[in-house]
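> pasting a predicted model and its sequence here:
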Amino acid sequence: MTDQAILVLRLAAPLQSWGGPSRYNRRETLPQPTKSGVLGLLAAAEGRPREASIADLVDLDMGVRVDQPGTLLRDYHTVSDHRGLALPSAKVDGKRVQKRTTPAKYTGVTQRYYLQDAVFVVALRGSAPLLAGLERAVRHPAFPLSLGRRSCPPTGRVSLGLHHDADLTAVLGTVPWEAAEHHRRRIRGSEVTLEATVEDPAGEVLAADVPDTYDLKTGTAFGQRAVRHLWVRIPTGHDAANSGDSPASPASDIPAAGADPGHDPFALLGW
Amino acid sequence: MPYLSKIALNPRRRGAVALLANPHCLHAAVMNGLAHQPVTERVLWRLETNTPHRAEILVLTQSRPSWQGLVEDAGWPGADGGEPLIADYSPLLHRVVEEQEFAFRLTANPVQSVLQPSKPSPEQNRRLAAPADGRRWPRGVRVAHRTTAQQLDWLFRQAKRHGFTIPPVDPAAAPAPGLEPDTPPVPAPAVSLVSRDILRFRKKQNGPRVTISTATFQGRLRVTDAEALRTALLNGIGPAKGYGQGLLTLAPVPAAVPRA
């Protein structure tokens, strides 16, 4: 099994939006990157045109680890024609040109949802030569990369390199924590438990985010894949003695059982 | 030798409900725990509000108390965790030295004394009109500080008098990256108003109503005058001490959040 490898990506940005199959004027985001979004990023890095086949990418197995969950942002977004004309309708005339809306509608309203300040680690498992090419492409992308939507470019390095073939769960458990410093400070303790989603044929959850094509003429129809949710424990890098979760911490003279963590007036009375 | 005790009350018992409903009854129950009657020593107590699922009373007494009667009426007699804690308070008094920092909590009744209250009662009018013997002015009327700013100001004035200061907040709590302001922020004092309340109760059925405005401060203090702070720990801060106000308790400063 030496022809398999694992590519690890780091997806971090001020804004990300993983729409999945959301429709019409309400563009939602899922809490984790979708397979469609990640494969689109890889295809853009390789410079594939929208009509190109993505059959080789769809075969990759994907695992996602949530290093920093981020928060939800709703964007109230209006669209109008800068010339002051009515917006085009969904109907077309005989020349297949869109008609104007009747009665005239000048402003379209959309709600767009984003994840702000989130960091994900994505592991992709597949054939080694394909992933080696993708890894090179991510570092020298042909098209600008974006995280789910063109207005969401990634920050920092995207590729964390190729790993030897292993279980996706094992790789997600060994890649160091990628959270930002302000998020690290919030977490105390020497270990942190992170949510992860791994593609697994035996998984009991179905995710409908497998694209068939990115061709704009036909549109994307989403297929399903089975995934499994799990928790990964990885070290935070905090000093265990300072974090207060070790029994040998210097504050061990404070009575632990049932004590108020905020204020215990008996702690200084030496018992 | 002073003692600090903590008694857990069972809020599902009728006896405990009566005590929790009226600070006057709770005061009587606390005083009943002392063997020397009538009680002449200074007793400080506080109803702990930081544990939402437990009702606990902290009591500071000069003589060793017995809470057996209180536990039998309103606690968990014989239950695990229902035993009252009684600890010698002197180790803390020996630990108080200048420049040392402690975490503190204080539930107090912040008041000021005014000579011209806006709506004086007939009783107050009588007192304001006739100064006590040997005084040029009458004693003012106690009026509660009701806003957070006034209550914090009151605490800072009391701190100066009782031998401690409130240092600024730990600079480790920096703003998020990219949010640095143009002018450096003025460091805020390390204290917060954890809860504010107004206690209204009667001493007797159909008796006059007592109203006490309370504020619970929690934060960090630095000792500037150990002797004055020791006195404040034993004698309390501010008025309404009989109704559970003014007990200052110290605890270790919580360990700072580790930085990456």
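Thanks, I have it.

> how much space between residue B:92 and residue B:12?
33 Å (CB to CB, to the nearest Å). Every residue, glycine included, has its C-beta placed from N, CA and C.

> which of the two has more neighbours?
residue B:92 (23 against 7; other CB atoms under 10 Å in any protein chain shown).

> and that one, that one's in a helix?
Yes: assessed by DSSP: H, G, I helix; E, B strand; the rest coil, residue B:92 belongs to a helix.

> my guess is residue A:184 meets residue A:177, correct?
Yes: using CB atoms under 8 Å, residue A:184 is in contact with residue A:177, at 7.5 Å.

> now do the shared contacts for these two.
Common neighbours of residue A:184 and residue A:177, using CB atoms under 8 Å, 6 or more residues apart in numbering or on different chains, are A:236, A:237.

> quick one: contacts for the residue nearest to residue A:93 when sequence neighbours are not counted?
Nearest non-adjacent residue to residue A:93, counting by CB to CB, 6 or more residues apart in numbering or on different chains: residue A:99, 5.7 Å away. Contacts for residue A:99 (CB under 8 Å, 6+ apart) come out as A:88, A:89, A:91, A:92, A:93.

> okay, and residue A:99 sits in which element?
strand A:98-100 (DSSP states H and E).

> neighbouring strands - and their directions - for that strand?
Strand pairing for strand A:98-100, determined by DSSP bridges: strand A:88-92 (antiparallel).

> what are the ranges of the helices in the stretch 151-260 of chain B?
B:226-235 (DSSP state H, counting those that start in this stretch).

> who touches the residue of the stretch 101-250 of chain B at minimum distance from chain A in this structure?
When distances are taken as CB to the nearest CB, the stretch 101-250 of chain B reaches nearest to chain A at residue B:249, 3.6 Å away. The neighbours of residue B:249, taking CB under 8 Å, 6+ apart as the test, are A:263, A:265, B:4, B:46, B:58, B:104, B:105, B:106.

> what inclination does the helix or strand harbouring the fourth one have with respect to helix B:226-235?
It refers to residue B:46. Applying DSSP H and E as the criterion places residue B:46 in strand B:44-48. Using axes from the mean of the first three to the mean of the last three CA atoms, to 10 degrees, the inter-axis angle of strand B:44-48 relative to helix B:226-235 is 70 degrees.

> which strands and helices sit next to strand B:44-48?
In terms of contacts (3 or more CB pairs under 8 Å, 6 or more residues apart in numbering or on different chains; DSSP states H and E), strand B:44-48 is packed against helix B:23-31, strand B:55-61, strand B:247-251.

> one more pass at 7 Å, please.
strand B:55-61, strand B:247-251 (3 or more CB pairs under 7 Å, 6 or more residues apart in numbering or on different chains; DSSP states H and E).

> can you say which of the ones you listed is packed in most?
strand B:247-251 (a mean of 24; mean count of other CB atoms under 10 Å in any protein chain shown).

> given it, what are its sheet partners and their directions?
Sheet pairing of strand B:247-251 (DSSP bridges) gives strand B:101-108 (antiparallel).

> using CSV, write out every CA atom in the helix or strand that comes right after the partner strand.
Going down the chain from strand B:101-108, the next helix or strand is strand B:111-114, by DSSP H and E. Provided in CSV are the C-alpha atoms of strand B:111-114 (Å, rounded to 0.1, in the frame of the first residue of the first chain):
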residue,chain,number,x,y,z
VAL,B,111,-24.4,54.1,51.7
GLN,B,112,-23.7,57.8,52.1
SER,B,113,-24.9,60.2,54.7
VAL,B,114,-26.8,63.3,53.5
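
> residue A:68 contacts residue A:120, doesn't it?
No: applying CB atoms under 7 Å, one finds residue A:68 not in contact with residue A:120, separated by 8.1 Å.

> which stretches of chain A form helices?
Using DSSP state H, the helices of chain A run over residues A:35-46, A:55-58, A:128-139, A:168-174, A:181-186, A:240-243.

> got those helices as JSON lines, with mean neighbour count and mean pLDDT columns?
Converted to JSON lines, the helices of chain A look like this (neighbours: other CB atoms under 10 Å in any protein chain shown; pLDDT from 0 to 100):
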{"stretch": "helix A:35-46", "mean neighbour count": "23", "mean pLDDT": "96"}
{"stretch": "helix A:55-58", "mean neighbour count": "14", "mean pLDDT": "94"}
{"stretch": "helix A:128-139", "mean neighbour count": "17", "mean pLDDT": "95"}
{"stretch": "helix A:168-174", "mean neighbour count": "18", "mean pLDDT": "93"}
{"stretch": "helix A:181-186", "mean neighbour count": "16", "mean pLDDT": "88"}
{"stretch": "helix A:240-243", "mean neighbour count": "17", "mean pLDDT": "50"}
